[in-house]
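Q: Sequence first, predicted coordinates after that:
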Amino acid sequence: MEQYVIKGGNPLVGEVEIGGAKNAALGILAAAIMTDETIVIDNLPDVQDINVLLEAISVIGARVDRINRHKVAINGSMIGQVSVDYEFIKKIRASYYLLGALLGKYKRAEVPLPGGCNIGSRPIDLHLKGFKALGANVSIRHGSIIAEAEKLRGKHIYLDTVSVGATINIMMAASMAEGYTIIENSAREPHVVDVANFLNSMGANIKGAGTDVIRIRGVQKLHSTEYSIIPDQIEAGTFMFAAAATKGDVMVKNVIPKHLEATTAKLVEIGCEVEEFDDAVRVVASKRLNSTHVKTLPYPGYPTDMQPQIVVALALAQGTSIVTESIFENRFKYVDELTRMGATIKVEGNSAIIYGTEGFTGARVSAPDLRAGAALVIAGLAAEGITVVDDIVYVQRGYECFEEKLRSLGAEIERVTTEKEIQKFKLRVG
């Protein structure tokens, strides 16, 4: 089992380059199989979730050629089955995007019920409601969702709650349905816009992505395209909060500052200096942070995927903060781990009350999910002494070269697999 071992206390200083957005890439890779022509996708993050989805796509018969670490060519003309293996789904929740892609193209899809991070209930009833509205018969048999239709027809669909996954899945299926589809109360996240832009570059007719009403005129077929994925706003935000928590000075490069506005606003509120450039953001934290209140909301609100990172920063801030989680009900599982490092946090329902402390001390902690794992690494970087983070397989699902990028900013962090390696690291860093 791999772990991170960290010696804290160094402010992070320097420049870091952000990779492609994992959440956009997952939708785009699924959509790439909707044509029989070759699709080339660039700025792909080299992380476990992406590699698992590429493997799932190749197992159903698509041709997948890795041109280089961040670029892939996909040809879906040889897909021989519309049934996806459970092995892939249990590792990665987003393989449910293959439902919308296969249903749109072949009018039939069979995908097991999804897995992924255990951060609370993420029902897919809205996805299924959308497929039914488009004319598909949907059933759950032997643990799999089976969706099939003679033909899909455009429909006016209202989503009861804002759902990124349902918006992307319905958008894919509707792009090859007959007639006109309207999705109301649709998600507005940048990765929804990126998937829509990608489908449009393949010949789809989608308007309104980025607003709460998306209009889609179905087309009969899609064609080849070359496309570059947007930068990852959550990876960027993670490094921005790492700078804040360690009293650092970090230039975060290859970003779209507009996508980071909610994160930037909170960093400024807690006392950081934030400087925006065309495609970069600089975060400087020269003094102790201030407390604030945060509530996670769908985009353009404060992202749930940035909640654990801000909690780490606020646990080191002056005064009392309240963080309210309105998206996932199970997202404070990492709080017990932070408490082991000296944080004072009380969870009541879907809120965490955070009493700021002067500093953390290193401890052995365990990552319960992807973003919480990254947050515990930030806590280790800010702590006095040695921190060991277990279960970092979660972190590797969503961050490419995480420890290398942190080391380039002056962090003392290593990925290890044995107690002996941990001891060697401790001896080396003194």
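A: Good, I have the coordinates.
Q: Could you tell me how many residues sit around K207?
A: Using other CB atoms under 10 Å, K207 is surrounded by 12 other residues. For every residue, glycine as well, the C-beta is placed using N, CA and C.
Q: Leaving out sequence neighbours, find the closest residue to it.
A: Take K207 and drop its neighbours on the chain: the residue closest to it by CB to CB, 6 or more residues apart in numbering is R215, 4.8 Å away.
Q: Secondary structure element for the one you found, which one?
A: strand 213-217 (DSSP states H and E).
Q: Name the residues that touch that strand?
A: By CB atoms under 8 Å, 6 or more residues apart in numbering, the residues outside strand 213-217 that reach it are 154, 167, 171, 174-175, 177, 179-184, 186, 196, 204-208.
Q: The same query, at a cut-off of 7 Å, please.
A: 171, 174-175, 180-184, 186, 205-208 (CB atoms under 7 Å, 6 or more residues apart in numbering).
Q: Just the CA trace of the one helix or strand T167 maps to, in PDB.
A: Per DSSP H and E, T167 falls inside helix 164-174. Taking C-alpha atoms only, helix 164-174 is exported to PDB below (Å, rounded to 0.1, in the frame of the first residue of the first chain):
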ATOM      1  CA  VAL A 164     -23.400  17.600 -13.300                       C
ATOM      2  CA  GLY A 165     -23.500  13.900 -14.200                       C
ATOM      3  CA  ALA A 166     -27.200  13.900 -15.300                       C
ATOM      4  CA  THR A 167     -26.700  17.100 -17.400                       C
ATOM      5  CA  ILE A 168     -23.700  15.600 -19.200                       C
ATOM      6  CA  ASN A 169     -25.300  12.100 -19.700                       C
ATOM      7  CA  ILE A 170     -28.600  13.500 -21.000                       C
ATOM      8  CA  MET A 171     -26.800  16.000 -23.200                       C
ATOM      9  CA  MET A 172     -24.800  13.200 -24.900                       C
ATOM     10  CA  ALA A 173     -27.900  11.000 -25.500                       C
ATOM     11  CA  ALA A 174     -30.000  14.000 -26.700                       C
END
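Q: From the contact counts, what lies against the helix or strand that that helix is followed by?
A: As assigned by DSSP H and E, the chain's next helix or strand after helix 164-174 is strand 180-184. Here strand 180-184 touches strand 156-158, helix 164-174, strand 213-217, going by 3 or more CB pairs under 7 Å, 6 or more residues apart in numbering; DSSP states H and E.
Q: Out of those, which one sits most buried?
A: Stretch with highest mean neighbour count among the helices and strands packed on strand 180-184: helix 164-174 (a mean of 28; mean count of other CB atoms under 10 Å).
Q: about what we covered before: which strands and helices lie in contact with the helix holding T167?
A: helix 22-31, helix 97-106, helix 125-133, strand 180-184, helix 190-201, strand 213-217.
Q: For the residue nearest to K207, list each beta-bridge partner.
A: In this entry, R215 is beta-bridged to I182, K207, by DSSP bridges.
Q: which stretch among the helices and strands packed on helix 164-174 comes nearest Q307?
A: helix 22-31 (15.4 Å; CB to CB).
Q: angle of the closest one against helix 190-201?
A: Taking axes from the mean of the first three to the mean of the last three CA atoms, to 10 degrees, one finds helix 22-31 and helix 190-201 inclined to each other by 30 degrees.
Q: Toward the C-terminus from helix 22-31, list the very next helix or strand.
A: By DSSP H and E, the next helix or strand past helix 22-31 is strand 38-42.
Q: Pull up the pairing partners for that following strand, direction included.
A: Counting by DSSP bridges, strand 38-42 is paired with strand 71-75 (antiparallel), strand 225-228 (parallel).
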